[in-house]
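# next come a sequence and a model predicted from it.
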Amino acid sequence: MWGYIGKRLLIAIPILFGLSVIVFAMMALIPGDPATAILGSYATPENIERLNRQLGLDKTLVEQYFIWLGNLLQGDMGRSYALNRPVADEVFERFGATLLLAGTSLVLCTVFGLIAGIVSAVRQFGWTDRIVTFIVLIGISTPSFWLGLLLIMLFAVQLQWLPASGMYAIYGGGDLPDLLAHLAMPAVTLAVVATAVIARLTRAAMLEVLRQDYIRTARAKGLSEWRVIYRHAFKAALVAVIPVIGIQAGFVLGGAVYIETVFQWPGIGRMLVNAISTRDILLVQGGVLVVAASYVLFNLLADVAQTIVDPRLR
Amino acid sequence: MLCFFRRLAAAAALIAVTHPGMASAQTPPGVLVVAQIAEPKSLDPHAVTALNDFRILVNLYDGLVRYRSGTLEVEPALAESWTIADDGKTYTFKLRDGVAFHDGTPFDAEAVKFNFDRMLKEDHPFHDTGPFPLSFFFSAVETVEAPDAGTVVFRLKEPYAPFLSNLAYPTGLIVSPAAVKKYGKDFGRNPSGTGPFKFAEWQSNAKVVITRNEAYWDGAPKLEAVVFRPITDANTRVAEMLSGGVDLMVEVPPDNVATFADDPNFTVHEQIGPHLWFLILNTKEGPLADKRVRQAVNYAIDKKALTENVLQGTAVAAAGPTPPAFAWAYDKALQPYPHDPEKAKALLTEAGAEGAKLTFYVTEGGSGMLDPVAMGAAIQADLAKVGLNAKIETYEWNTFLGKVNAGLEGKADMAEMAWMTNDPDTLPYLALRTEATPDKGGFNSGYYSNPEVDKLLETARRETDRAKRAELYKQMQEIVHEDAPWAFIANWKQNAVTSARIEGFALQPSFFLLLHDVVKN
């Protein structure tokens, strides 16, 4: 197992390296440059040239890339042009916020997705199943940024139960209840689509398992229904569901971009969007690298989890 | 599983108990919470270019001069008085006595010299704390001298009348040399000035907090503190305002202005600024090389419908190249081209340009561009009504700037553009002179050339007598209006909403957010 994990981590290195080359090239190829973005209306060729010199952008692309890579290997991710701040500070602070949001959502969508899927599989074609299937269909079809705005209008503006945006109260606050209150709406919004996807797949996987002979055998042995479903059916179905949860982890991380914008959550998704529009190449590099690394890590975790649940894969 | 839910319920109960009505978050008394449109880039006034940053900076720092409230006219600030030599090249400032920076170090002539040398001299020991993108505002400065602690002398390379109003711009705000020396490149996150508020805290992506400067030379402000919150999404900004999470929001989306105006809990503020939204017309080639066709475009566009329907009253129709906010230099006799499709058609027939095809560059969004896609579509429809066939090409802002700033030749016949400036010289000088074409480093992307306009602009920027200068600008406006190198569309009204608890707030034509006199009940 450890050898397997080690090998997977080693493979991640060339992936991340290749990715950094591609992102760097793409940022260089798209029209517009940081100096124009900073200067805006005042971007005369003369001003651009002077600013590029100050920013160190008057070197060739290849030189710029290797300077960046050299610094990275010494643990220095450079300085953001637009934010005037070390990239590493910004990226890790933001990534922490995204991880908290995406992690909470992932827990929510896994728990509720599994429960909904199991319940509707066990009561196939019953009323519960119909209601769950209907809700799941709505969940899958709802654009999450729109849902987010609706929640804000209801819980923040009308009822005034929850704060509309941000991560902590602007004055006072800063404790756990404060954080949870701010986290509630964005985490739920982000979880909705993924919950629906997991519920659907769990239902399908459960239905398939429930038709197997060994389930009939288990029931014939006189095991309680709870035991049949939980010990025998669910564990088998989980093997099919875990990779989907792994994919949803990536999806939730990506979907965080919209949610972070709507709820003003200080996460990395919103940072990347801003960084791309201001052509802040070092910040984009740093951000993408961290997100990609975590993506690789999530997939690895999902694979390991699957190996643990499914003895056949060992 | 059950245990998990129990914990969740407990947490929810805890929130409800410890934070009764928390979200209704009445903001604390004496503390003004401002919803900004983005995270500030830096609090070093010489390092930034965005209005969003200026809104904080003008409360932390002072310049030698400032704009008198409600105008774009210069009045004393850190300098008590000044004299301009007859040749227009030497400016001598008498500095205010007894002023200290927030870090305790004294404000004096050496500090002023340090500020401008840092920005302008590449060999200055602290030049590397930049870059200073707008330092060209002071590119006319030859030397800065400090003959004694209370006197500063600026020697210019040539007479440059906009110098004073550039000093009143945030790029001219004075920072503490001691703080720059102490923090170096991180000064932008540890700012120190002489302004009415002192910097207290900057939590990335959450808030910037500034607190009252009790020792402020112009009287301590009434607010205890101000919290600036970056809220990039306009809908979220509106929701925070409605739910009471902020006391003041800027840049209210046109769709929401009516909601706030109808609600007694809020006050809507509006102020026309030094902004112009226009179309650059290609005067070098194609149908628009003919003045009659350019005038036809101006007649064909229904500016009233654009400002009232598309922009929902957040702008007014523009008459010429100079925004009315520059009251002293604005030609009040100038009227916007009326919406007259018949006249436009007649002009097109006369020029033999009926049914001409035009390539029209539109941007998706950008600084001061208001609602460029909807505006572009409405303009296209207006042109179609008089028989001009405009084909829209839409580009993302940075790409758009790259294309337009390089000149329209061989690519397009017209392009959207917007400028916000601090002096009537800036825009026409950079974008309407013969010598300002893109290949010469200017913004005259439509290649307009009129020797008379060139001469007026050159003379005006050397003229230190304001009345004479104003006369020159008025003549320039009349000629440019007639020549129609641009289609003049709109002057933006900036807006803001305050909660009913806020008093003493007014928007400024400079678009800066001055909070010195604001009271929160």
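Sure thing, it's come through.
# tell me the secondary structure at the residue of the stretch 301-450 of chain B found nearest chain A.
In the stretch 301-450 of chain B, no residue comes nearer to chain A than residue B:398, which is 2.8 Å away by Cβ to the nearest Cβ. Every residue, glycine included, has its C-beta placed from N, CA and C. Three-state assignment for residue B:398 (DSSP: H, G, I helix; E, B strand; the rest coil): helix.
# helices of the stretch 401-521 of chain B, start to end?
B:426-431, B:451-462, B:466-483 (DSSP state H, counting those that start in this stretch).
# can I get the ones you listed in JSON lines including distance to residue B:443?
Below are these laid out as JSON lines (distance: least, Cβ to Cβ, whole Å):
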{"stretch": "helix B:426-431", "distance to residue B:443": "4"}
{"stretch": "helix B:451-462", "distance to residue B:443": "13"}
{"stretch": "helix B:466-483", "distance to residue B:443": "15"}
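# any residues of the stretch 251-400 of chain B in contact with chain A? List them.
Within reach of chain A by Cβ under 8 Å from any Cβ of the partner chain, the stretch 251-400 of chain B has these residues: B:366, B:367, B:368, B:396, B:397, B:398, B:399.
# any idea how many residues pack against the residue lying closest to the first one once chain neighbours are set aside?
In other words, residue B:366. Among residues not flanking residue B:366 along the chain, residue B:397 sits closest, at 3.6 Å (Cβ to Cβ, 6 or more residues apart in numbering or on different chains). Residues lying near residue B:397 (other Cβ atoms under 10 Å in any protein chain shown) number 19.
# and what of residue B:390?
20.
# who does it form a beta bridge with?
For residue B:390, the beta-bridge partners under DSSP bridges are residue B:358.
# surely it meets residue B:384?
Yes - under the criterion of Cβ atoms under 8 Å, residue B:390 makes contact with residue B:384 at 7.3 Å.
# please enumerate the strands of chain A.
All strands of chain A, identified by DSSP state E, fall at A:79-80, A:85-86.
# hey, which of the helices of the stretch 401-521 of chain B is tucked in deepest?
Mean neighbour count (mean count of other Cβ atoms under 10 Å in any protein chain shown) peaks for helix B:426-431 among the helices of the stretch 401-521 of chain B, with a mean of 22.
# by contact count, what packs against it?
Secondary-structure packing of helix B:426-431 (3 or more Cβ pairs under 8 Å, 6 or more residues apart in numbering or on different chains; DSSP states H and E): strand B:414-420, helix B:451-462.
# how far is stretch A:32-40 from where the chain is centred?
Put simply, stretch A:32-40 sits 30 Å off its chain's centre (Cα atoms, centre = their mean, to the nearest Å).
# does chain B sit close to that stretch?
Yes - using Cβ under 8 Å from any Cβ, stretch A:32-40 reaches chain B at A:32, A:33, A:36, A:37, A:38, A:39, A:40.
# interface residues of the stretch 51-200 of chain A facing chain B?
Proximity of the stretch 51-200 of chain A to chain B (Cβ under 8 Å from any Cβ) is limited to residues A:51, A:54-55, A:79, A:82-85, A:89-90, A:93-94, A:97, A:111, A:149, A:152-153, A:155-157, A:160-171, A:177-178, A:180-181.
# what about the closest residue to chain B within chain A, neighbour count?
For chain A and chain B, the shortest gap (Cβ to the nearest Cβ) falls at residue A:32, measuring 2.8 Å. When neighbours are defined as other Cβ under 10 Å, residue A:32 has 21 of them.
# over to it: give its phi and psi.
The phi/psi pair for residue A:32 (degrees, to the nearest 10) reads phi 90, psi 160.
# contact partners for it?
By Cβ atoms under 8 Å, 6 or more residues apart in numbering or on different chains, the contact list for residue A:32 reads A:279, B:396, B:397, B:398, B:399, B:401, B:402.
# least confident pick among the residues you listed?
On pLDDT alone, residue B:398 ranks lowest of the contacts of residue A:32, at 80.
# roughly how far apart are that residue and residue A:37?
5 Å (Cβ to Cβ, to the nearest Å).
# what about the nearest residue to residue B:137 once chain neighbours are set aside, how many neighbours?
Residue nearest to residue B:137 in three dimensions, not counting chain neighbours: residue B:166, with 4.5 Å by Cβ to Cβ, 6+ apart. By other Cβ under 10 Å, 24 other residues sit near residue B:166.
# what sits against residue B:166?
Residues in contact with residue B:166, defined by Cβ under 8 Å, 6+ apart, are B:137, B:138, B:172, B:422, B:423.
# most neighbours among those residues, which one is it?
That'd be residue B:172 among the contacts of residue B:166, by other Cβ under 10 Å, with 27 neighbours.
# residues contacting the residue nearest to residue B:366?
Contacts of residue B:397 (Cβ under 8 Å, 6+ apart): A:32, A:277, B:363, B:364, B:365, B:366, B:367, B:369.
# dump these into JSON lines; add secondary structure and distance to residue B:221 as well.
As requested, those are exported to JSON lines (DSSP: H, G, I helix; E, B strand; the rest coil; distance: Cβ to Cβ, whole Å):
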{"residue": "A:32", "secondary structure": "coil", "distance to residue B:221": "40"}
{"residue": "A:277", "secondary structure": "helix", "distance to residue B:221": "35"}
{"residue": "B:363", "secondary structure": "strand", "distance to residue B:221": "39"}
{"residue": "B:364", "secondary structure": "coil", "distance to residue B:221": "39"}
{"residue": "B:365", "secondary structure": "coil", "distance to residue B:221": "35"}
{"residue": "B:366", "secondary structure": "coil", "distance to residue B:221": "34"}
{"residue": "B:367", "secondary structure": "coil", "distance to residue B:221": "29"}
{"residue": "B:369", "secondary structure": "coil", "distance to residue B:221": "34"}
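# roughly how far does residue B:139 sit from chain A?
10 Å (Cβ to the nearest Cβ, to the nearest Å).
# chain neighbours aside, what residue packs nearest to that residue?
residue B:120 (7.7 Å).
# wait, doesn't residue B:99 sit right on residue B:109?
No - with contact defined as Cβ under 8 Å, residue B:99 does not reach residue B:109; the gap is 11.9 Å.
# confirm residue B:319 sits in a helix?
No - Residue B:319: not assigned to a helix; according to three-state DSSP it is coil.
# who are the contact partners of it?
Contacts for residue B:319 (Cβ under 8 Å, 6+ apart) come out as B:331, B:334, B:335, B:336, B:481, B:488.
# cool, residue B:110 as well?
Residue B:110 neighbours (Cβ under 8 Å, 6+ apart): B:146, B:149, B:177.
# could I get the pLDDT score of it?
With respect to pLDDT, residue B:110 scores 96.
# how about the helix or strand where it lies: buried residues?
Under the criterion of DSSP states H and E, residue B:110 resides in helix B:109-120. Across helix B:109-120, burial judged by 16 or more other Cβ atoms under 10 Å in any protein chain shown covers B:109, B:111, B:112, B:113, B:114, B:115, B:116, B:117, B:118, B:119, B:120.
# make JSON lines out of those and add distance to residue B:350.
Listed next are the buried residues of helix B:109-120 as JSON lines, based on distance: Cβ to Cβ, whole Å:
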{"residue": "B:109", "distance to residue B:350": "63"}
{"residue": "B:111", "distance to residue B:350": "62"}
{"residue": "B:112", "distance to residue B:350": "58"}
{"residue": "B:113", "distance to residue B:350": "60"}
{"residue": "B:114", "distance to residue B:350": "61"}
{"residue": "B:115", "distance to residue B:350": "57"}
{"residue": "B:116", "distance to residue B:350": "54"}
{"residue": "B:117", "distance to residue B:350": "58"}
{"residue": "B:118", "distance to residue B:350": "57"}
{"residue": "B:119", "distance to residue B:350": "52"}
{"residue": "B:120", "distance to residue B:350": "52"}
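# having no further points to raise, I will conclude here.
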